[in-house]
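Student: predicted structure and sequence below. I'll ask about it afterward.
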Amino acid sequence: MSQVERKYYPFHDGVKPDAIVVHCSDPRFQDAFRLFSQEELKIEHPAPIVLPGSVSSVGVDFAMPKHLKTLKDQVEFMLRAGKEPKLVLINHEDCKAYEKLRGFFKKAIHNQQADDLVKAAGLFKKLVPALTHVRVYMARLDPNQPIEKRVYFEKIV
Ligand SMILES: [Zn+2]
């Protein structure tokens, strides 16, 4: 075995999530999601649930019920691990995962994304009755801004 110097990283012992944040895996948006959670929403210890298309499984439940079941189980599990259950749901503009599902939707993708967020919020409130704090956002792109600050967040609910 070669002598590789081991690197070490922080471990936040005893930390419980302030909020569960569900968002897409798209690497172009990860910094924006993280900074938005920390700086704008003031979530100190977010517990991200990251998956392609975020809550898109809500909109294609009829075609892919197992995807929605998995999302529900993950969110419920993480909510029960938190101090007080808070949930943030985010979709984003130009989502390739939503593009891929386009054939299932009867409406324009941006409308579908907003509807899915609202539907998901209702669904999780029903699933975890103690859940009172749910916020829903769309990450949008402003083409008039330089790339390092092109993403902004619009509150849906
Ligand atoms: Zn996406």
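Tutor: Looks like it arrived, so ask away.
Student: only C-alpha atoms for contact and neighbour calcs from this point on.
Tutor: Will do.
Student: can you tell me the helix or strand for residue 48?
Tutor: Assigning secondary structure by DSSP states H and E places residue 48 in strand 46-50.
Student: would you mind pulling the contact partners of the next helix or strand after that strand?
Tutor: Scanning forward in sequence from strand 46-50 by DSSP H and E, the next helix or strand is helix 65-81. Identification of contacts with helix 65-81 by C-alpha atoms under 8 Å, 6 or more residues apart in numbering yields 16-17, 19-20, 47, 49, 55, 57-58, 61, 85-87, 124, 127-128.
Student: what about stretch 126-146, start to end distance?
Tutor: 41 Å (C-alpha to C-alpha, to the nearest Å).
Student: what are the buried residues along that stretch?
Tutor: By neighbour count, and taking 16 or more other C-alpha atoms under 10 Å as the criterion, the buried residues in stretch 126-146 are 131, 134-139, 141.
Student: re earlier: can you narrow the contacts of helix 65-81 down to the ones near the ion?
Tutor: With respect to the ion, and counting by C-alpha under 5 Å from the ion, no part of these is in contact.
Student: next to the ion, which bits of the protein? Give me the list.
Tutor: Within the chain, the positions adjacent to the ion are 24, 26, 53, 95 by C-alpha under 5 Å from the ion.
Student: looking at those residues, which is nearest residue 5?
Tutor: When the residues of the chain next to the ion are compared for distance to residue 5 (C-alpha to C-alpha), residue 26 comes out closest, at 31.4 Å.
Student: who's in contact with residue 44?
Tutor: Listed by C-alpha under 8 Å, 6+ apart, the contact set of residue 44 reads 18, 38.
Student: hmm, residue 137 is touching residue 120, no?
Tutor: No: counting by C-alpha atoms under 8 Å, residue 120 is not a contact partner of residue 137; they are 12.0 Å apart.
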